[in-house]
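Participant: Need a 3D model of the sequence below.
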Amino acid sequence: MAIDWPTYPGLMGKVALVTGGSRGIGAATCHALAANGVKVAVTGRDTEAVARVVASISAAGGHALAAPGDVTEQDTLARIRAEIETELGPVEILAPFAGGQGAPAPTAELDPGRWRAVLESDLTSVFLTVHAFLPGMLERGAGSIILMSSTAGRRPGGANAAYAAAKAGVVMFARHLAAEVGGAGVRVNCLAPSAVMNDKLGAIPAERLAQLAAAFPLGRVGEPEDIAQAVLYLASPAASWVTGATLDLTGGRVTG
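Facilitator: Alright, predicted model coming up:
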């Protein structure tokens, strides 16, 4: 289905990296940026899924580069950065969205190995991605970084404790980094979505999905495109005086 994306002329010609870009919110973000004339590098571990996103963007007249890899590995990120800079130019918009290990688990039964794995995928990968691309932004004196948290990091809920801790860490990482690098011309913001349609939500019975949707004042769960449109705003010059913010995308469900 074709999306009538909002247009931000100030994004035209910029270079972006979206990790976790092979599906869901990440893929929608890649499409939204490309529709605004951004050259998008798509990163994910599923090489075939990454290639499909790139092919779809190219078919729509956009400019995208497949840069698959595991962003929990520092050497992989260095290789991805070199490929992007060679093929597209320096990254000006960074969206480290890889992660998503929030499946429920009682804390008393949460295996320490899983705790470490969740923090690695949902917090450490964010740091490593920023660590790889931030020096270039500081050197150029410009850049927009948009991090991905969750309502799980804003209030207790059904996700496992490791995921909640990781996503809360992303919020504070965004605030800390924004204060640290704002004077150098780099903006850092964060998104905290609630339930957004994905393969797992799409597989639950219709009655249960309707009950979930009814819990939101707007009467529906989110769509990946809802989140991608927020990314466009935060990445664009329209948000030039916005940094250190966490935008709660919850369909009206109060997080505080």
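Participant: can you tell me which helix in this structure is longest?
Facilitator: The longest helix of the chain (DSSP state H) is helix 161-181.
Participant: what's near enough to touch the nearest residue to A152 once chain neighbours are set aside?
Facilitator: For A152, ignoring the flanking residues on the chain, the nearest one in space by Cβ to Cβ, 6 or more residues apart in numbering is A159 at 4.0 Å. Bear in mind the C-beta positions are built from the backbone N, C-alpha and C, glycine included. Listed by Cβ atoms under 8 Å, 6 or more residues apart in numbering, the contact set of A159 reads 102-104, 150, 152, 167.
Participant: and what of A142?
Facilitator: Going by Cβ under 8 Å, 6+ apart, the list of residues near A142 reads 92, 185-186.
Participant: quick check, nearest of these to D111?
Facilitator: V186 (37.5 Å; Cβ to Cβ).
Participant: What degree of burial does the closest residue to that closest one other than its chain neighbours show, as a neighbour count?
Facilitator: Closest residue in space to V186, ignoring its immediate chain neighbours: G143 at 4.4 Å, by Cβ to Cβ, 6+ apart. G143 has 24 neighbouring residues, counting by other Cβ atoms under 10 Å.
Participant: ok, now M148?
Facilitator: 27.
Participant: Surely it touches S121?
Facilitator: No: counting by Cβ atoms under 8 Å, M148 sits too far from S121 to count as a contact (11.9 Å).
Participant: joint contacts of the two?
Facilitator: What both M148 and S121 touch, as defined by Cβ under 8 Å, 6+ apart, is the set G99.
Participant: can you pull the pLDDT of the nearest residue to A174 once chain neighbours are set aside?
Facilitator: Closest residue to A174 apart from its sequence neighbours, by Cβ to Cβ, 6+ apart: C190 at 3.9 Å. pLDDT recorded at C190 is 98.
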